[in-house]
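Undergrad: Output the structure for:
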Amino acid sequence: MRTPVEVAVRDDAALGEGPTWDAAARRLIWVDILRSRVHTWDPAAGRRTVTATGQHVGAAKPRAGGGLVVNLRDGVGLYGPDGSFGWLHREPVPGRRGNDAAIAPDGSLWAGTMRYDEAPGGGTLTRYAADGAATPLLPSVAVSNGTGWSPDGRLVYYIDTPTRRIDVVDLASDVPFPEARRPLAVVEDGAGWPDGLAVDADGCVWVALWGGGAIRRYTPDGRLDRVLELPVLRPTACAFGGADLTDLYITSARTGLDAPHPLSGSLLVLPGAGRGLEQPAFAG
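TA: Modelled structure (predicted):
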């Protein structure tokens with residue numbers, strides 16, 4: 001039985017990704033990576049905007065002072081409230097682009113990269129402070145994807161898609177970040193590939209399954225306790241939004257589909273799916 005999701009914004013995004021609820025502006029932000037677009041949607045006013053970035057954009061997140069921080073092909077950039085643009089950290093690498101990103105509880109940006117050919121070891125996960133100082137966290141991954149924190153900020157969850165794992169790192173541990181990373185759960189063959197994720201107020205992890213047509217929720221001990229079947233084959237990520245953070249927004253993609261489902265590329269929403277956590281804005 002399919003989940004009774006609704007269409008928030010009907011679209012034909014090639015690679016819709018990275019939904020984020022901007023609490024200050026009461027809007028959802030997401031991107032179409034391959035069409036180099038940042039989208040926003042105000043559900044109360046029914047107002048939508050689309051901004052061209054000029055190069056592939058893996059993620060867009062709100063800034064504390066207004067505007068956006070964006071994870072682009074050539075590095076991390078900043079849009080001001082007036083639409084002006086500047087680089088926070090520019091480091092172009094041939095054959096590589098920015099992918100998913102998330103804002104940590106301390107206001108830093110954790111930004112992932114991947115090679116266009118998805119070669120193992122070609123991607124990274126890096127922490128960017130407000131002043132642009134970069135700290136490598138994982139220097140050798142394939143497709144850096146979903147990142148999110150437990151309600152108390154002690155744990156961080158992370159996905160390198162080809163591993164099929166949802167990993168967890170205890171940030172209070174004395175063990176260095178790469179060595180402290182361990183599997184929370186593994187997505188079995190045939191169920192799709194883990195992509196973007198969101199953490200709810202109960203500490204459960206919601207994961208979009210690329211090619212699996214579903215969202216899964218895992219408990220903090222790694223137990224699968226809910227599956228939301230979707231009318232799209234390639235959901236990419238999810239985020240809680242709305243005035244009370246109970247609506248689950250889901251991005252999707254139509255790239256690579258020989259016969260796209262009619263809703264592929266649209267932004268979907270499941271009202272009253274759960275209870276999310278308010279996401280911080282980038283401090284820079």
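
Undergrad: Helices of the stretch 151-284 of the chain, residue ranges please.
TA: Using DSSP state H, counting those that start in this stretch, the helices found in the stretch 151-284 of the chain span residues 177-180.

Undergrad: hey, where'd the strands end up in it?
TA: 155-160, 165-170, 182-186, 193-199, 205-210, 214-218, 224-229, 235-241, 247-252, 267-270 (DSSP state E, counting those that start in this stretch).

Undergrad: Packing partners of the fifth one?
TA: Helices and strands touching strand 205-210, by 3 or more Cβ pairs under 8 Å, 6 or more residues apart in numbering; DSSP states H and E, are strand 144-149, strand 193-199, strand 214-218, strand 235-241, strand 247-252. For glycine as for every other residue, the C-beta is placed from the backbone atoms N, C-alpha and C.

Undergrad: For the shortest one, C-alpha coordinates in CSV please.
TA: In this case it means strand 214-218. Taking Å, rounded to 0.1, in the frame of the first residue of the first chain, the C-alpha atoms of strand 214-218 are listed here in CSV:
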residue,chain,number,x,y,z
ALA,A,214,10.6,4.5,-0.4
ILE,A,215,11.6,6.3,2.8
ARG,A,216,12.7,4.2,5.8
ARG,A,217,12.9,5.2,9.4
TYR,A,218,15.5,3.6,11.7
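
Undergrad: and the closest residue to A243 other than its chain neighbours, what does it touch?
TA: Among residues not flanking A243 along the chain, R26 sits closest, at 7.3 Å (Cβ to Cβ, 6 or more residues apart in numbering). With Cβ atoms under 8 Å, 6 or more residues apart in numbering as the criterion, the residues that contact R26 are 42, 44, 243.

Undergrad: ok, now with 10 Å
TA: Each residue near R26 by Cβ atoms under 10 Å, 6 or more residues apart in numbering is listed here: 42-45, 241-243.

Undergrad: got it, and D42?
TA: Residues near D42 by Cβ under 10 Å, 6+ apart: 22, 25-28, 48-49.

Undergrad: count of neighbours near Y157?
TA: Using other Cβ atoms under 10 Å, the number of residues around Y157 comes to 24.

Undergrad: these two touch, right, it and T147?
TA: Yes: using Cβ atoms under 10 Å, Y157 is in contact with T147, at 7.0 Å.

Undergrad: Find residues that contact each of the two.
TA: With Cβ under 10 Å, 6+ apart as the test, Y157 and T147 both reach 102, 197, 199.

Undergrad: Columns pLDDT, distance to P151 and neighbour count on top of the residues you listed, output as TSV?
TA: Compiled in TSV, those are given as follows (pLDDT from 0 to 100; distance: Cβ to Cβ, whole Å; neighbours: other Cβ atoms under 10 Å):
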residue	pLDDT	distance to P151	neighbour count
A102	98	15	27
L197	98	14	26
V199	98	7	24
